[in-house]
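Undergrad: Compute the structure for the input listed below.
(one chain, ligands or ions: 1)
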Amino acid sequence: MKRPPKPPEPRSSFRERMLRLLAWYQGAQRDLPWRHTRDPYAILVAEVMLQQTQVSRVVPRYDQFLACFPTWHALADAPVADVIRAWEPLGYNRRAVRLHRLAQAAVHRWDGDLPHEPELLRCLEGIGPYTAAAVACFAFGAPVPVLDTNARRVLLRLFLGPAKAQERELRALAQEAVAALPEGQAPAWNQALMDLGATVCTSRKPLCPRCPLRADCRSALWMQRANERVAEARGPYRALRLKPFRGSSRYYRGRIVHQLRLLPPGESVALEELGTRVKTTFAVTELPWLYRLVATLEREGLARVEAASGLTLNSELGHVRVRLP
Ligand code: SF4
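TA: Numbers count the residues shown, from 1 in each chain. From the prediction side, this is the model:
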């Protein structure tokens with residue numbers, strides 16, 4: 001791989017570049033529903049939905065979900081089957097179960113009144129470093145970095161240059177940036193990084209000519225060359241090769257949960273019938289394969305299998321029934 005050119009020294013100071021990004025954000029920020037609230041519950045719901053799902057798919061579902069479960073208590077008290085139903089069509093359904101468990105833990109531990117410190121938030125199972133920082137910053141205004149993939153990319157390209165940075169270096173830079181912010185600007189700063197990364201400094205084809213920070217960006221020159229030969233670009237900006245989704249286990253797991261959602265509350269479906277609903281070419285010889293999938297879903301809290309454990313024969317599997325938990 002050809003080494004990236006040595007990045008030019010920026011003409012503005014670190015702080016000047018930060019203020020320019022904040023100024024850009026004032027006029028260009030995305031209007032997203034979870035940015036109109038400081039309610040930690042609503043912010044946490046958004047963060048969980050945004051894990052592995054695009055913003056455009058989350059927006060229409062977000063308000064509907066909050067209308068069904070407006071508070072920690074409402075979510076904690078709801079049957080998990082209702083939460084799984086309300087999660088459709090976001091996918092990665094395990095998140096619905098995780099969020100439900102998280103609500104029960106938040107109610108049990110703090111009566112739904114979350115602490116402000118990221119370290120304490122992380123005591124709850126299901127809240128990792130990123131989510132804890134997002135809730136602490138966007139709900140409580142804590143001056144902490146919130147590093148999603150977009151924010152990381154912008155920090156890296158803008159301040160460090162095209163070479164691969166160590167995680168420690170990136171974290172130190174992110175800390176330095178929030179420490180240098182005017183008071184109360186941490187939420188806007190973190191959202192500015194995210195928005196620039198989502199709309200201008202995108203992963204595969206950054207729009208450097210439209211970028212407000214181009215003159216001082218340590219990667220602009222490199223990105224311009226990389227864009228010119230994007231097809232054969234290598235290294236940190238190489239396009240991801242996505243695995244085919246259709247026909248994968250995840251594809252069929254999603255279809256199974258979708259079919260279980262369609263059942264009337266409390267009803268179950270025979271395993272073989274379920275097979276014909278999720279796969280048009282389903283054959284009875286595939287019952288063990290299907291059973292393994294529903295058994296995994298049951299372990300993840302997404303299904304309930306009505307049968308004795310340890311079944312293997314097709315004749316035994318014919319008696320198995322499945323439903324939402
Ligand atoms: S100039 Fe290009 S690489 Fe630099 S921050 Fe802007 S979009 Fe990203």
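Undergrad: Show me which residues of the protein are close to the ligand?
TA: With C-beta under 6 Å from any ligand atom as the criterion, the chain meets the ligand at residues 154, 157-158, 200-201, 206-208, 211, 213-214, 217, 219-220, 223. Just so you know, the C-beta spots here come from the backbone N, C-alpha and C atoms, and that holds for glycine as well.
Undergrad: Could you write me a PyMOL select line covering just the buried ones among those residues?
TA: Entered in PyMOL, the line below selects the buried ones among the residues of the chain next to the ligand, by 16 or more other C-beta atoms under 10 Å:
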select buried, resi 154+157+158+200+201+206+208+211+213+214+217+219+220+223
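Undergrad: Just the residues of the chain next to the ligand: which are in strands?
TA: Under the assignment DSSP state E, the residues of the chain next to the ligand contribute nothing to strands.
Undergrad: quick one, what contacts the residue in the stretch 1-150 of the chain that the ligand sits nearest to?
TA: In the stretch 1-150 of the chain, the residue that lies nearest the ligand is residue 21 (8.8 Å; C-beta to the nearest ligand atom). If you count contacts by C-beta atoms under 8 Å, 6 or more residues apart in numbering, residue 21 has them with 158, 189, 192, 193, 196, 212, 213.
Undergrad: for the one helix or strand residue 47 maps to, the distance to its chain's centre please.
TA: According to DSSP states H and E, residue 47 maps onto helix 40-50. Put simply, helix 40-50 sits 10 Å off its chain's centre (C-alpha atoms, centre = their mean, to the nearest Å).
Undergrad: Just after that helix, pick out the following helix or strand.
TA: Per DSSP H and E, the first helix or strand lying C-terminal to helix 40-50 is helix 55-68.
Undergrad: Does that next one pack against any helices or strands, and if so which?
TA: helix 40-50, helix 80-87 (3 or more C-beta pairs under 8 Å, 6 or more residues apart in numbering; DSSP states H and E).
Undergrad: could you give the angle of the shortest one to helix 55-68?
TA: Put plainly, it is helix 80-87. Inter-element angle recorded for helix 80-87 and helix 55-68: 140 degrees (by axes from the mean of the first three to the mean of the last three C-alpha atoms, to 10 degrees).
Undergrad: what packs against helix 80-87?
TA: Counting by 3+ C-beta pairs under 8 Å, 6+ apart, the packing neighbours recorded for helix 80-87 are helix 55-68, helix 94-110, helix 249-262.
Undergrad: and stretch 141-152, which residues are buried?
TA: Neighbour-count burial for stretch 141-152 [16+ other C-beta under 10 Å]: 142, 143, 144, 145, 146, 147, 148, 150, 151, 152.
Undergrad: Mind exporting the C-alpha coordinates of stretch 156-176 to PDB?
TA: Only the C-alpha atoms of stretch 156-176 are listed here, as PDB (Å, rounded to 0.1, in the frame of the first residue of the first chain):
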ATOM      1  CA  LEU A 156      -9.100  11.200  12.900                       C
ATOM      2  CA  ARG A 157      -9.200  12.800   9.500                       C
ATOM      3  CA  LEU A 158      -9.400  16.400  10.700                       C
ATOM      4  CA  PHE A 159      -6.900  16.500  13.500                       C
ATOM      5  CA  LEU A 160      -4.600  13.500  13.000                       C
ATOM      6  CA  GLY A 161      -4.300  12.900   9.300                       C
ATOM      7  CA  PRO A 162      -4.800   9.900   7.100                       C
ATOM      8  CA  ALA A 163      -2.400   7.500   8.900                       C
ATOM      9  CA  LYS A 164      -4.000   5.000  11.200                       C
ATOM     10  CA  ALA A 165      -4.200   6.400  14.800                       C
ATOM     11  CA  GLN A 166      -3.900   4.400  18.000                       C
ATOM     12  CA  GLU A 167      -7.100   4.200  20.000                       C
ATOM     13  CA  ARG A 168      -5.200   5.900  22.900                       C
ATOM     14  CA  GLU A 169      -4.200   8.800  20.700                       C
ATOM     15  CA  LEU A 170      -7.800   9.200  19.400                       C
ATOM     16  CA  ARG A 171      -9.200   9.100  23.000                       C
ATOM     17  CA  ALA A 172      -6.700  11.600  24.200                       C
ATOM     18  CA  LEU A 173      -7.500  14.000  21.400                       C
ATOM     19  CA  ALA A 174     -11.300  13.600  22.000                       C
ATOM     20  CA  GLN A 175     -10.700  14.400  25.700                       C
ATOM     21  CA  GLU A 176      -8.600  17.400  24.900                       C
END
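Undergrad: That's all I had, so thanks and see you.
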